[in-house]
Structures are given as C-alpha cells and as structure tokens.
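1. Sequence first, then the predicted structure, then my questions.
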Amino acid sequence: MLLTSGSPASANCLIASSNERLENFCLIERTKNSVIPLGLATLLDYRLKRSGRSTGIGFPVQVKQTDFQPFASPILHYSPNINGGNPNKQLVLGGVKFNSDPNLKRKKGMVIGANFGLNGRSIYGDEKYIDINLNASYAHSPKHNIGIKSLAGNFCSKNHIKEGWYFDICGGASRVSKKIQNEQIKYTKFLISKLLSSHPFKHHQNTWGLERVFADNYTQNQFLFSHQTLSKAGYLWNVTIKSGEPIRGKLVTRKDLNWSLTKEIKNKRFKISGGFRSASGGKVFGFDREEQTNYVQLSYQVFKHVNFRLGYTKTDSNIDYFSASEPTLSMQFGSLNF
C-alpha cells in the first residue's frame, strides 16, 4: 500500500454507515496493492484498530481499548398513537358492535423532545469487541399535553472467527411508556456473517441468525437472513427476511421482509426503503385476528446532520377495527457528543 495525494475509488465505501464491518471490508479490498492518499490511510488505520486489529496498517497511533461517549439529540416526528389508545372506531365482531370509552381513544400528532444516551466499546481481542448503547428519551405533544417516555439498552459482542467469517451475540431491552399503555420487549440474537467480494468493486455481507423475542406474555423464536451489497457506483442494497414461529392465542410476526436502497447524490444521502409484515395467532373474544402491514419510506439528507423522512404505512386486518393507514414524518438530527 503506497501513499499519494490522489483520490481513490474507495470513497463510496463509506455509504454503509450502519455496517462498520462491511465498510472496513470494502476499504481493505479497494486499497489492496493501491496508491492511496495519506488521509484515507490514516482513516483506515484508525478504523481497523477500533475494530480490534491492534496493528491497523502500521501507523504508530493507538486507540483506547475501552471508550464511552455520552450523546444527546433532538426529537421531532409524527406519532399516530401518542397515548397508546384504542382505534377511533367501532369494534364489530360477528355482527355485534362495541363502542370504546372516548377517554381511551388514541391521539395523534407531532411530538418534540430529546434523546440522551451513552455509546461504548470495549476491545478484548483480535477483531473482538463489545458495543454497548444506553439511551433515554422524552417526546412531548404540545397539542394534547401528554408525552412518550422511552428507555432502551443493548449490547453486541462481535467476534471474528476466521477469514471472512464472524459470530455475534447480541441482546437488548426497551420500554415505551404512554399515558394509557406501556410496551416492553427484550431480545437476544445469535448471528453468523460472511463477507465476500464478487467483483473488485462489489462487496457483500450475508448474515444468518436466530432471534429470541421476550414480550410481556409470550416468548418467540425468529429466524433471519439478511444480505447487503455495496457496489462500485456507491449503491448500498439491503434485504432482511424473518420467519417467526406461531404462538397460540398471541398476535405475533410470522413473516417479515424489509429492503432498502441507499445512494449519495451530490454529497446528499438518499434512501428509499419498504417492507411487508404478516402477523397471526391473535384472538379477540374468540375471533381470530390476522394482519398484514406494508410500508414505504423516503429519507433525504437535508443538511450534514439533518435527515428528513417521509413515508406511508398501511395495515389490513381481518377485523376492520385494527386496520389503519398512517403517514410517517420525522426530522432526524445528528447526535451531539460530549
């Protein structure tokens, strides 16, 4: 690897910001036996050391083996159910109509607030490290004078096994508190990933995994597969498929498909994503409940640390009471690190 002041084709590697492992693999593959600028060499050395490669590419600079970073970020988005209430319509079962308490009906609108948290990493071996994230947030509705409180924490032990193969163990928990209803969920994940290149400028990550979901009144196993491709032109493709086991008497996810395409256009990140989810197994006064949800969403980087999101979600249920169509609207802000 030689140094120069030129600009290599590896610049498009950094589009995969949500996948540090694929980004690093792309940078390594595209700089093999190449002449690269000093700035990129310094960045690559730092990134490799942050992922547990103690020598990086040979620069003398060292990185902290354990590091924690407090952060804060604003919240501004549309919520279709701020209070955790019921749909604003009649429940009809077998021709019998039920009216819900007006005080328990859902409220929708814009919310504004703040998120505070802590990101951490501890390196404990060659390409072995643990990532930790803790965060707490509060979003308030000026229109309804109520708010949403959220607490979440997760960890992920990331481990290199052999050339191109990785094994990760992850877990987490979250709690969302609303005026009428609280939601709590925990999970563990066991993931095996493979990095490969099908072309000098086309790189992939395939992941197979088992996720165990712990809800308030049931536990479910979900099997997943995801594929990401990073192309020479800077397109990042992502597809994730999940299959969940049935739980008698509980409405649970049975099939879940999500996809996205990300590209930088004139130094602005643009992303289009969508998905399909089917759920079944629920019971309402003895009647079966099944649902299918479709969504599509666009995200555009308005400024360096500000993204605008606009989308639409539609849920079709065999019990009309649970069918819904809602817009997705939010501004995402970059974190302020302390």
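-> Cool, got the structure.

2. got the contact list for Ser323?
-> 315-317 (C-beta atoms under 8 Å, 6 or more residues apart in numbering). Just so you know, the C-beta spots here come from the backbone N, C-alpha and C atoms, and that holds for glycine as well.

3. Just to confirm, what's the three-state secondary structure of Glu23?
-> helix (DSSP: H, G, I helix; E, B strand; the rest coil).

4. Isn't it up against Leu14?
-> Yes: contact between Glu23 and Leu14 holds when scored by C-beta atoms under 8 Å: they sit 6.0 Å apart.

5. ok, back up a step: out of the contacts of Ser323, who's the most crowded?
-> Ser317 (19 neighbours; other C-beta atoms under 10 Å).

6. Provide a list of residues in contact with the closest residue to Phe276 other than its chain neighbours.
-> Spatial nearest neighbour of Phe276, chain neighbours left out: Leu257 (4.8 Å); criterion: C-beta to C-beta, 6 or more residues apart in numbering. Contacts for Leu257 (C-beta under 8 Å, 6+ apart) come out as 239-242, 275-277.

7. quick one: Pro245 from Gly281, how far?
-> Wrong residue type there; residue 245 is Glu, not Pro. 10 Å (C-beta to C-beta, to the nearest Å).

8. burial count for Phe225?
-> Neighbour tally, Phe225, other C-beta under 10 Å: 13.

9. Dihedrals phi and psi, it?
-> phi -140, psi 130 (degrees, to the nearest 10).

10. follow-up on the earlier one: which of the contacts of Ser323 lies closest to Val176?
-> Nearest to Val176 among these: Thr315, at 18.4 Å, using C-beta to C-beta.

11. what's the average pLDDT for stretch 108-127?
-> Per-residue pLDDT values across stretch 108-127 average out to 96.

12. then it to CSV, C-alphas only?
-> What follows is stretch 108-127, C-alpha atoms only, in CSV (Å, rounded to 0.1, in the frame of the first residue of the first chain):
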residue,chain,number,x,y,z
LYS,A,108,-52.1,11.5,17.1
GLY,A,109,-49.9,14.5,16.2
MET,A,110,-46.4,15.9,16.2
VAL,A,111,-44.1,15.4,19.2
ILE,A,112,-40.9,17.2,20.2
GLY,A,113,-38.3,16.2,22.7
ALA,A,114,-34.8,15.0,23.3
ASN,A,115,-32.8,11.7,23.5
PHE,A,116,-29.9,11.2,25.8
GLY,A,117,-27.6,8.2,25.8
LEU,A,118,-24.2,6.6,26.1
ASN,A,119,-22.3,4.6,23.4
GLY,A,120,-19.4,2.4,24.4
ARG,A,121,-16.9,0.0,23.0
SER,A,122,-14.5,-2.4,24.7
ILE,A,123,-11.9,-4.3,22.7
TYR,A,124,-10.9,-7.6,24.2
GLY,A,125,-9.1,-9.5,21.4
ASP,A,126,-8.1,-9.6,17.8
GLU,A,127,-11.2,-8.3,15.9
